[in-house]
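Novice: Mind looking at a prediction? Sequence and model below.
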Amino acid sequence: MQDALIQLQTEALAVFLKVKTLDELEAARVEYLGRKGRLAEAMKDLAALDADAKREAGKIANDVKRTIEASFQATEARVVAGAAAERKAQEWLDVSLPGIAPAVGHLHLTTQAIDEISGIFAHIGFVRSRHPEVDWDYYAFESLNMPKEHPARDEWETFFIGDEGEVATGEKGKIVLTPHTSNGQVREIEKGELPIRMINIGKCYRRQASARHLPMFHQFEGLMVDKNVTVTELKGVFDYFVKRYFGPDRATRLRPYHFRFTEPSFELDISCAVCEGTGKIENGKCKLCKGGWLELGGAGMVHPNVLKAGGLNPDEYTGFAFGWGVERTMMMRSGINIDDIRTLYKNDLRFLTQF
């Protein structure tokens, strides 16, 4: 019995000396020190010995177990250290070398424009407000002095919401993707918090696609309602914005126009930045403006019927409203030189990283 234990110890020590990996070490541990390993099996034979022999053999067995366990621990330390050294050699890094800077993104050009436009109007007391981009027909048209079947609706190229060819309807008519942010005018008036100085920036949807139009675009809507508001305040706000956003070199013009929800109405134009107001570029006619001027947006005094739809007396309150496309406004800025609005959303990093 004693010779067998000594022989087992000798074999175990020899095996641990040859171990090179953690997997080999675990296999050796299970073979010699496991619950069903060779040492455990040898210890079972102690039961068959007499008392004196059992006492002597037990002492040797404990010494053998401690020796094998010590060899296991020493081998484990050696293998782990070796693996760490090998990994260190493979993953060596010279920290004195300059690092490779990760690609860092930035806000999209349109988002930058939205932030700047919001900030400009905030300086003169206009508070940012949000209104639905999917709305009732009532707020998009009827409350804005465009009754059902009115021909003025035709120009909006509206996307209606529905299922299986049926347009969804509800308590305030059909459901539409808003063709303009003007749907927020009556909603803002209905809040009853006067005076109103609102700027609403959101997505709009129209069935259009060209160098100047997108099916989805961003628009910012301004609304001011108070007692004794006149065209003078409208022109003052417009001049302030143009000087802050475009600079003093861009020419502007104010043209009489007609919108159903304003009276009187105006078109606000600004000289084209691509052709510098000439209408021509090196290869011919400017594709963006075609004549030197770009429509910045529409504006006018809020129509009395719109004020009534919001619950106000037009004999007591007046106001003005304006709505301009964010992308088009940003494209007209000096130094941008984008002649096709669709370029903004092609996700071409060669273009986007310039800004």
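Specialist: The structure has been received and is ready for your questions. Please read these numbers as outputs of a predicted model, since none were measured by experiment.
Novice: What confidence value was assigned to A47?
Specialist: Model confidence at A47, given as pLDDT, is 64.
Novice: same deal with M198?
Specialist: Predicted confidence (pLDDT) for M198: 95.
Novice: Could you shift the numbering so residue one becomes 50, and keep it that way?
Specialist: Okay, using 50 as the starting number, the last item reads as M247.
Novice: Which strands or helices does the host helix or strand of it pack on?
Specialist: The secondary structure element spanning M247 is strand 245-254 (assigned by DSSP states H and E). Taking 3 or more Cβ pairs under 8 Å, 6 or more residues apart in numbering; DSSP states H and E as the contact definition, the neighbouring helices and strands of strand 245-254 are helix 158-171, strand 176-177, helix 233-239, strand 265-275. Yep, even glycine has a C-beta here, placed from its N, CA and C like the rest.
Novice: Pick the most buried one from those.
Specialist: Each of the helices and strands packed on strand 245-254 was assessed for mean neighbour count using mean count of other Cβ atoms under 10 Å. The highest is helix 233-239, with a mean of 23.
Novice: Which other helices and strands does that one contact?
Specialist: With contacts taken as 3+ Cβ pairs under 8 Å, 6+ apart, helix 233-239 sits against helix 186-189, strand 245-254, strand 265-275, helix 353-358.
Novice: Can you tell me the strand partners of the third one and which way each runs?
Specialist: Same thing as strand 265-275. Sheet pairing here is set by DSSP bridges, and for strand 265-275 it gives strand 245-254 (antiparallel), strand 367-374 (antiparallel).
Novice: Other residues contacting the shortest one?
Specialist: By that I understand strand 367-374. Among residues not part of strand 367-374, those counted as contacts by Cβ atoms under 8 Å, 6 or more residues apart in numbering are 229-231, 234, 245, 266-280, 282-283, 286-287, 310-311, 317, 345-351, 356.
Novice: Next, the angle from it to helix 158-171.
Specialist: 160 degrees (axes from the mean of the first three to the mean of the last three Cα atoms, to 10 degrees).
Novice: which element follows strand 367-374 toward the C-terminus?
Specialist: Sequence-wise, the next helix or strand downstream of strand 367-374 (DSSP H and E) is helix 375-380.
Novice: who's in contact with that next one?
Specialist: Helix 375-380 has contacts (Cβ under 8 Å, 6+ apart) with 158-159, 162-163, 166, 250, 261, 263, 266-269, 294, 322, 337, 343-346, 385, 387, 390, 393.
Novice: Let's see that with 6 Å instead.
Specialist: Where contact means Cβ atoms under 6 Å, 6 or more residues apart in numbering, the residues beyond helix 375-380 that reach it are T159, A162, I163, F266, H267, F269, I387, I390, L393.
Novice: Next: stretch 215-233.
Specialist: 180, 182-189, 193, 205, 207-211, 249, 251, 253-255, 268, 270, 372.
Novice: just to revisit the earlier point, could the helices and strands packed on strand 245-254 go into a markdown table alongside mean pLDDT and distance to G326?
Specialist: Formatted as a markdown table, the entries for the helices and strands packed on strand 245-254 read as follows, by pLDDT from 0 to 100; distance: least, Cβ to Cβ, whole Å:
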| stretch | mean pLDDT | distance to G326 |
| --- | --- | --- |
| helix 158-171 | 93 | 21 |
| strand 176-177 | 94 | 32 |
| helix 233-239 | 95 | 32 |
| strand 265-275 | 93 | 24 |
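Novice: closest one to A123 among those?
Specialist: Between A123 and the helices and strands packed on strand 245-254, the tightest spacing by Cβ to Cβ is seen for helix 158-171, at 62.7 Å.
Novice: Could you chop the protein up by domain?
Specialist: What the record gives for the chain is the domain set 51-139, 158-401, from automatic domain parsing.
Novice: JSON lines please, covering the ones you listed and showing distance to P147.
Specialist: Shown next, in JSON lines, are the domains of the chain (distance: least, Cβ to Cβ, whole Å):
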{"stretch": "domain 51-139", "distance to P147": "22"}
{"stretch": "domain 158-401", "distance to P147": "24"}
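Novice: okay, these, which one's buried deepest?
Specialist: For the domains of the chain, ranked by mean neighbour count under the definition mean count of other Cβ under 10 Å, the leader is domain 158-401 at a mean of 17.
Novice: quick one: terminal-to-terminal distance for that domain?
Specialist: Its start and end residues considered, domain 158-401 measures 7 Å (Cα to Cα, to the nearest Å).
Novice: Equivalent analysis for stretch 329-336, please.
Specialist: Distance across stretch 329-336, first residue to last, is 9 Å (Cα to Cα).
Novice: Now do the contacts for the nearest residue to G222 once chain neighbours are set aside.
Specialist: Take G222 and drop its neighbours on the chain: the residue closest to it by Cβ to Cβ, 6 or more residues apart in numbering is D186, 3.4 Å away. Taking Cβ under 6 Å, 6+ apart as the definition of contact, the neighbours of D186 are G222, K223, V225.
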